[in-house]
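> what's the 3D shape of this:
(2 chains)
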Amino acid sequence: SAVISQKPSRDICQRGTSLTIQCQVDSQVTMMFWYRQQPGQSLTLIATANQGSEATYESGFVIDKFPISRPNLTFSTLTVSNMSPEDSSIYLCSALWGESAQYFGPGTRLLVL
Amino acid sequence: KNQVEQSPQSLIILEGKNCTLQCNYTVSPFSNLRWYKQDTGRGPVSLTIMTFSENTKSNGRYTATLDADTKQSSLHITASQLSDSASYICVFNAGNMLTFGGGTRLMVKP
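Residues are numbered from 1 along each chain as shown, chains lettered A, B, ... in the order given. Predicted structure coming up:
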């Protein structure tokens, strides 16, 4: 299995501010993803982080709100911009090895006041 | 539209008992199906992975089954432990697109 780490593990933020979440993988991977999991809900894909190009966003998510970077094959960041209480959620990074081995990071628990 | 529905939504069992969680799906075709365990506030951890052609896969006390005719998968947990208390999610992979079930919240009581 692979090791995926995220920082921070949790944070409490004021509305209107922004938070950048980092995701580090212990080996090079083909694809990286960012998910959101709101309280009591299943995971929702935000975007696919593409190395060297702009991320591919799912319906309902936009780059201005969730800018994503992926400067290399082992690292990605997700920024939650201009936060509101509705952004309180767990944000999960995921990485795909080969065609089918997908693993998740431990998550970042965000509370927006 | 691909859908994955899990049942029950929540389940309470006594420590040491067995339980079975269900996952009904319409995803077709798919390359593999995973069952994940997700502790509260943490990321999902893979328990089992099966390709579309497999019928069963075990990992310790966890046994997953797949019935392509009825489009059902189940996760059977034997001799439950307090540490099994978590959410269990079935996830289908089709062309690197994942479809998640809503999860079953399991609570194991002493």
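
> and chain A, which residues reach chain B?
Within chain A, the positions near chain B by C-beta under 8 Å from any C-beta of the partner chain are A:1, A:4, A:6, A:10, A:31, A:41-43, A:45, A:90, A:92, A:96, A:99-100, A:102-107, A:109. Where C-beta positions appear, they are placed from N, C-alpha and C, glycine not excepted.

> just the buried residues from these, in PyMOL please.
Buried subset of those, written as a PyMOL selection, criterion 16 or more other C-beta atoms under 10 Å in any protein chain shown:
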select buried, chain A and resi 4+6+31+42+43+45+90+92+96+102+103+104+105+106+107+109
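
> beta partners for B:Val4?
Per DSSP bridges, the residues bridged to B:Val4 are B:Tyr25.

> that one touches B:Ala94, doesn't it?
No: contact criterion C-beta atoms under 8 Å: B:Val4 and B:Ala94 do not qualify, at 10.9 Å.

> so which of these two has more stuff around it?
Set B:Val4 next to B:Ala94 and count neighbours by other C-beta atoms under 10 Å in any protein chain shown: B:Val4 wins out with 22 against 15.

> mind listing what the more buried one touches?
B:Val4 makes contacts with B:23-27, B:90-92, B:99-102, as judged by C-beta atoms under 8 Å, 6 or more residues apart in numbering or on different chains.

> with B:Lys37 instead?
Contacts of B:Lys37 by C-beta under 8 Å, 6+ apart are B:44-45, B:47, B:84, B:86-88.

> which of the residues you listed come close to chain A?
Near chain A, by the rule C-beta under 8 Å from any C-beta, you find B:44-45 out of those.

> among the residues of chain A next to chain B, which ones are in strands?
A:4, A:6, A:10, A:31, A:45, A:90, A:92, A:96, A:102-104, A:109 (DSSP state E).

> circling back to that earlier point, which members of the contacts of B:Val4 are classed as buried?
Taking 16+ other C-beta under 10 Å as the criterion, what is buried in the contacts of B:Val4 is B:23-25, B:27, B:90-92, B:99-102.

> for chain A, which spans come out with low pLDDT?
Along chain A, the parts satisfying pLDDT under 70 run over A:1-2, A:98-100.
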